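with the input below, show me the fold.
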Amino acid sequence: MKRDLGSLNPYSVGTLMKEAVRRAIVAIRAQRFTFEARTKESHGSPRGDFVTTADHSAQRVFVTLLRNWFPEFGLVAEEEGLRVPCTHPRHDLWFTVDPLDGTRAFMRRQSHGIGTMIALICDGEVIAACVGDVMTSEVYAARPDDSAVHRISEFGIAERLEIDPERALAEQWVLVGEHGQPRSALLIAMVGGPRPLFSGIETTTGSIGIGIARLWKSEVGAAVFGPFARGTPWDLYPIIGLSERLGFRFFALSGERGLTPWEPIVSREGTPVPHEVMVVHESRIDELDAWAQRHL
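Take a look at the predicted model:
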């Protein structure tokens, strides 16, 4: 006999998303020393890109679970260009899936910078997201209809993430991506001018999600990503969803216009990121504006 078990609620959705990430972490870790890799034939990057058997294994975990748990929700996943349409009668609901974020770091057998990420989109808004750290088994998560973001340990111990609004940018470092050097003149002035905005600069490699997680944990005061010809949904929307939930704001660093608020448009096709984008907490906007007025 088929039973009516009621409707999903934000707690159940959030719990199932976290469980999917945990199972993907297990699948990836199982192949740390046994994976096979190949070049992505259709990738347009001049340096090429790679996919491993761990990417495919983790994606199979996500697709199997999400299609069974949320059969009416759509799906946009990285590998093989997987697209599943939404059939929900009232809302445009769809998941993004990045099965292995930081594939090159994984192939180098790094002990950091390897993640797995998922986001839930409803009518053009990121309403839930999870970022899993493959090497620590930590999960950073926000469920629908909840203002909190939690850092959950491998033992299931949850800590609510909060930003100290009194800690000035001048006391903190800025994190830049794996290109290793600031590209815009504005960012160069922020870190290396006569009166820099930050106390130093730090670089990161591998997963963009695990890199931005350092900002959520207050290890750095700001983070910079891009430019990308088109930021992919699975890379950007989990970090956008969790960052916005924590009160972070986005600014394009444009040489012509200086600091410009950047509002990402959420779509299945991804989001163009033509400039470096700085992520900084809303409590530090006055400090950022004051520095810009003196230097622009």
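
output the below-cut-off pLDDT ranges for the protein.
1-5, 41-48, 178-182, 255-257, 296 (pLDDT under 70).

how does it divide into domains?
10-160, 169-295 (automatic domain parsing).

which parts of the protein are helices?
Taking DSSP state H as the test, the helices found in the chain are 10-29, 53-69, 103-107, 185-192, 208-216, 233-245, 285-295.

got the buried residues for the shortest one?
If I follow you right, that is helix 103-107. Neighbour-count burial for helix 103-107, counted by 16 or more other Cβ atoms under 10 Å, picks out T103, R104, A105, F106. Quick note: C-beta positions are derived from backbone N, CA and C, even for glycine.

would JSON lines of these with distance to V131 be doable?
What follows is these, written out as JSON lines (distance: Cβ to Cβ, whole Å):
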{"residue": "T103", "distance to V131": "16"}
{"residue": "R104", "distance to V131": "18"}
{"residue": "A105", "distance to V131": "15"}
{"residue": "F106", "distance to V131": "15"}
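
hang on, the earlier thing: for the helices of the chain, which one sits closest to V266?
Closest approach to V266 among those (Cβ to Cβ): helix 233-245, 6.3 Å.

what lies in contact with that closest one?
Applying Cβ atoms under 8 Å, 6 or more residues apart in numbering, the external contacts of helix 233-245 come out as 76-78, 96-98, 101, 117-119, 121, 126-131, 140, 142, 147-149, 208-209, 212, 215-216, 250, 264, 266-271, 273, 279.

list the contacts for the residue lying closest to T103 once chain neighbours are set aside?
Leaving aside its chain neighbours, T103 sits nearest to F50 (5.4 Å; criterion: Cβ to Cβ, 6 or more residues apart in numbering). Each residue near F50 by Cβ under 8 Å, 6+ apart is listed here: A37, R38, T39, K40, T103, R104, M107.

again, but for R183
R183 neighbours (Cβ under 8 Å, 6+ apart): P227, E276.

could you rerun that using 10 Å?
V176, G177, V224, G226, P227, L253, G255, H275, E276 (Cβ atoms under 10 Å, 6 or more residues apart in numbering).

of the residues you listed, which is the nearest to H91?
Nearest to H91 among the contacts of R183, with distances taken as Cβ to Cβ, is G226, at 29.7 Å.

from W69, how far off is the nearest residue to the closest one once chain neighbours are set aside?
Excluding its sequence neighbours, the residue lying closest to G226 (Cβ to Cβ, 6+ apart) is V273, at 3.9 Å. According to Cβ to Cβ, to the nearest Å, V273 and W69 sit 31 Å apart.

ok, the two, which is more surrounded?
Counted by other Cβ atoms under 10 Å, V273 and W69 do not tie: V273 has more neighbours, with 20 against 15.
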